[in-house]
Each structure stands twice: as C-alpha cells, then as structure tokens.
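J.: Following is a predicted model, sequence given first.
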Amino acid sequence: MSNRIIQKNNHSTSAITPQREQFLRKKIAHLKKTINGNGDLNTKPDQSYLHHNSLGLYGQKGSDDFTIRLKPTEAGFSPAQLKNIAQTASNYGQDALYLTSRQEVEIPLLPVEHTPDALEYLLSQRIDISGSTHNVFNIVNPEDAGTSLQEKFDTTPHVLALNRILNHSSNSSLRHIGLRIGFAGDYRDNTLARYNDIGFIATTREGERGFRVFIGGVPGPKPTPGHLLSGFLEETEILYVIETIKRILTENEEIIPEKAPNLRYIIDHLGREKAFKLFSSYYPDIKQEKKHYLSPKELRLSFSTPRKPGNINFPLLSRQWVYRYVRDQKQSGLFSVELPLSDGNISASGLIRLAEFLTPLGDDNIRISVHRNFFLRNIPGAQLLPLQGLLKDISNQNDEKEDISPITLNGHNILERLRKTGCARI
C-alpha cells in the first residue's frame, strides 16, 4: 500500500478571484441597502429581492429567517474553513449547522438583519459565498476519493477541473434547468452518481481510465437512475458530454418544456430515442471544437512527503467502534472515520471542537458524504484513540456490543490487527 498523502492539485486554488470578490461585495452592499430600505425589520422584506442565488442566500419556508448555503471551492472544506463557518453560525445564528446531500454546509435560522454581516465575515475568511452559478447546482465527489482501496482511480482532479471551468464567468448559462453532476470512484456508486442529471462512474478498459456515463437521473423521494449514455468515455472527454447537453438545451428552446424540473423530464418529454439522437447529432461537432478537452496532466494528482502514521493504541480502542466507523485507506498507517449525524445536523460548538482537533493533521482530512455525514480522512493511527472519545461526545456514534462476523473481520485490516493484538474493550 502507498504511504503517500494526497495534496491539493496545482489548479485547486481558491475560486475567489479578486474580480469575484468584488462582485460578491457589491451583492452584499445591495443586500444591505435592500434591508435598510425596508425600514421596519419586524416586517419581512420582499422575498424575491432577498432570495440571492448569487450569494447562496435563501429564505426559509414558514419563517422570516434565512439560510446561507455554502459549497466547497475545492474538493472539500478545510478544518479552518469549517471552524469559521461554525463561528458564523454561533455569532449570527442559533448554533446550528446542516449538511446537505449536495455536500454543502448550510447555516440556518439567520435573522434577516444579520445576513450581510455573516456573509461579509465568511468572505473575509476566503470562503466562497456564491450560490448556484451558471445553473450548475453542484458537482458531487466521493467522500473517500483518493483513499479508497476499491476505487478505480481518484476522481478529485476531474471535479476540480469541472468546477474551475463551469463556474467561470465566461461559461454560458442555462435558461431552463440547473444541472446536478455526480462522480463515483467505482461500481459501488457510493455517491449515487447515476441519480444525477449527469453521472460519471470510474472504470478502466485495457488499462485506460474512463467513465461509464449516465444521463437523466433523478434524486429525491422517488429516485430514478439515469439512462446509460456510454459504457466507456475517455476521462479527458467528460466536458464534451456536459457541453453537448448544455448546447442542446440552449439551441432547442422551442421543444424544451419551459418549467422542466430536471433533465429526465426533458428526456421523457422528447422521448428517449429522440433525445439520444439529438445528443448524437451534436456530440461530434462539439468534440471537433477541441476547446472542451481536458489535458491528462490536469487529471493527475501530486503527492507530498509521507506523514508519520504513529502507533495505534490497540488495547484501548473499542472493537465495535472500529467495526462501525473506521476504514482502512490505501495509504499505509492512515485511516478514515465516518461521523454519522442525525439528519445532517451538528451544533456549531461541536464542529468547532472537531475542526480544532483536525487542524494540526492537515487540510485534506474532512469531506461531506451524500448521506449528510462527515467523513474524516488521512487520520494517523496514533490519533484514533483520542478521536474516538471526541466523536462519541459530539455525535451519534456508539460502541454497543455487536457480533462481528469472521467474514467482516477478515476483510477489515485494522480489525485483523485488533484481533491479533488483543483489545481490552469488546
């Protein structure tokens, strides 16, 4: 197993350019003017004016309060960013935070008069406060990307590249729908990529990396998997698929239902055969343009010096806790730990404690899963025991006695080592 630690790509710098920051500050100033112009803060201002998608600010149903929705600028939020988000919730809201299935963090229950100050503070901490831009709602990446023993390859650089390109101000916008894009590292599809408008599932063919591609998936209470568009698409060509769909939606408005909620609705309206024929007619021309090609260099990660994993205190670790929440990584001596949350909720104070614990361990050690849980990554073995106590204190984790089958034990390397070493707490 590799002992190398995944570092951020060269192109994964903050999405907040000086121009973007200036644009967002103007939006905040406009928001302040709208609120102050309302006069009576006991009267709710016009929702259509305060519902700022460009700022990620949304009115809460049945309430005068607002929610700030934040999406990561890179592969995930760093511990320092999460601490600042939690402090914002504590200072301006009601000590509550919520994780979404889009891998975003929401700060709910914000009084309208506090929203500009909260947004300004977040922006000052280099946290992207943009909402859905150019009608790309979100791009989901596996929480275990780059660490999973089962993945075909790490899809993180693909997500970073698409975020950089699709969220750029020069990228064309869609009129009808917002696209949800999902990636999965292997056939398990642990991100439910097939249930997005466009889903990419990593695969290989004769040693070449690529994706199975699905379109027209639907998430939500009545989930529907997408149609298989391609059994193998070269990894450098994923942007061709997205641009083809965008071009079809833009240039065929007369046959697209005006209030279509998602891509599946449009495919069903046109008929699958007609929709796929449209795609086939557009795709070759877009591929010939070449400008949507992703270079192989951009789709490779760089690595840093190995982090010392340290020794695991086996006798004091709970075997049941390890069985339920700890996973081996491809990086020797490092582990991933799931932090389950009730309906995605966590207190700001609890998140601050978690962020302070993780900060000395680096930046790439926490992700959000589509199941609205935290997934801690690249945890040295020596930190498992103190982490066990912290997580049980701030979450729904438990280590009640549970039978562990020999099959599970033999497939779980750290459990194997617990069995051989002995464990005081069983």
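T.: That came in fine, so what should we check first?
J.: show me where this protein has helices.
T.: Using DSSP state H, the helices of the chain run over residues 18-38, 47-50, 79-92, 115-124, 156-166, 238-251, 263-270, 272-289, 319-325, 348-358, 384-394, 406-410, 413-421.
J.: Mean pLDDT lowest where, among those?
T.: Ranked by mean pLDDT, the helices of the chain bottom out at helix 406-410, which scores a mean of 44.
J.: I'd like the helices of the chain laid out as CSV, including mean neighbour count and distance to I198.
T.: C-betas here are computed from N, CA, C, even on glycine. Converted to CSV, the helices of the chain look like this (neighbours: other Cβ atoms under 10 Å; distance: least, Cβ to Cβ, whole Å):
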stretch, mean neighbour count, distance to I198
helix 18-38, 15, 25
helix 47-50, 12, 30
helix 79-92, 21, 27
helix 115-124, 20, 29
helix 156-166, 22, 10
helix 238-251, 20, 6
helix 263-270, 19, 8
helix 272-289, 14, 11
helix 319-325, 21, 32
helix 348-358, 20, 31
helix 384-394, 17, 34
helix 406-410, 11, 35
helix 413-421, 16, 35
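J.: of those helices, which approaches R209 most closely?
T.: Closest to R209 of the helices of the chain, according to Cβ to Cβ: helix 156-166, at 9.8 Å.
J.: Relative to Q60, which of the helices of the chain is closest?
T.: helix 47-50 (10.3 Å).
J.: picking up where we left off before, need the helices of the chain in CSV (columns: distance to P340).
T.: Output for these, formatted as CSV (distance: least, Cβ to Cβ, whole Å):
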stretch, distance to P340
helix 18-38, 34
helix 47-50, 34
helix 79-92, 17
helix 115-124, 26
helix 156-166, 23
helix 238-251, 32
helix 263-270, 30
helix 272-289, 38
helix 319-325, 8
helix 348-358, 13
helix 384-394, 9
helix 406-410, 18
helix 413-421, 19
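J.: ok, the closest residue to G381 other than its chain neighbours to E234 distance?
T.: Closest residue in space to G381, ignoring its immediate chain neighbours: I312 at 3.8 Å, by Cβ to Cβ, 6 or more residues apart in numbering. Using Cβ to Cβ, to the nearest Å, I312 is found at 41 Å from E234.
J.: which of the two has more neighbours?
T.: I312 (21 against 16; other Cβ atoms under 10 Å).
J.: In this structure that one contacts P386, no?
T.: No. Using Cβ atoms under 8 Å, I312 makes no contact with P386, being 11.8 Å away.
J.: count of residues packed around the nearest residue to F375 once chain neighbours are set aside?
T.: Distances taken as Cβ to Cβ, 6+ apart place E143 nearest to F375, at 3.8 Å, with adjacent residues excluded. Burial of E143 is recorded as 26 neighbouring residues (other Cβ under 10 Å).
J.: How is the protein divided into domains?
T.: 5-124, 155-299, 309-421 (automatic domain parsing).
J.: Nearest to T147 among those would be which one?
T.: T147 lies closest to domain 309-421 among the domains of the chain, at 4.2 Å (Cβ to Cβ).
J.: Check the gap between the closest residue in space to L354 that isn't next to it in sequence and L97 for me.
T.: Closest residue in space to L354, ignoring its immediate chain neighbours: I394 at 6.4 Å, by Cβ to Cβ, 6+ apart. Applying Cβ to Cβ, the value for I394 to L97 is 12 Å.
J.: Now the common contact residues for those two.
T.: Counting by Cβ atoms under 8 Å, 6 or more residues apart in numbering, the contacts common to I394 and L97 are I346, S347.
J.: before we move on, the earlier item: can you pull the phi/psi pair for the residue nearest to F375?
T.: phi -70, psi -20 (degrees, to the nearest 10).
J.: and it, what does it touch?
T.: Taking Cβ under 8 Å, 6+ apart as the test, what E143 contacts is Q103, N190, T191, R367, I368, S369, V370, F375, R377.
J.: If we use 6 Å, what do you get?
T.: E143 makes contact with R367, S369, F375, according to Cβ atoms under 6 Å, 6 or more residues apart in numbering.
J.: Include distance to T147 when you put the domains of the chain into a markdown table, please.
T.: Below are the domains of the chain laid out as a markdown table (distance: least, Cβ to Cβ, whole Å):
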| stretch | distance to T147 |
| --- | --- |
| domain 5-124 | 8 |
| domain 155-299 | 10 |
| domain 309-421 | 4 |
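J.: Kindly state which of these is positioned closest to L149.
T.: From the domains of the chain, taking Cβ to Cβ, the stretch that ends up closest is domain 309-421, at 5.4 Å.
J.: How far away from the center of its chain is the closest one?
T.: Chain-centre distance of domain 309-421: 20 Å, with Cα atoms, centre = their mean, to the nearest Å.
J.: going forward, begin numbering at 34 instead of 1
T.: With the count now opening at 34, the last piece we talked about shows up as domain 342-454.
J.: thinking again about what came up before, model confidence for the residue nearest to F408, exactly?
T.: 95.
J.: how many other residues sit next to S96?
T.: 11.
J.: Could you rank the contacts of E176 by neighbour count and give me the top one?
T.: R400 (24 neighbours).
J.: And it, how close does it get to I140?
T.: Counting by Cβ to Cβ - R400 and I140 are separated by 19 Å.
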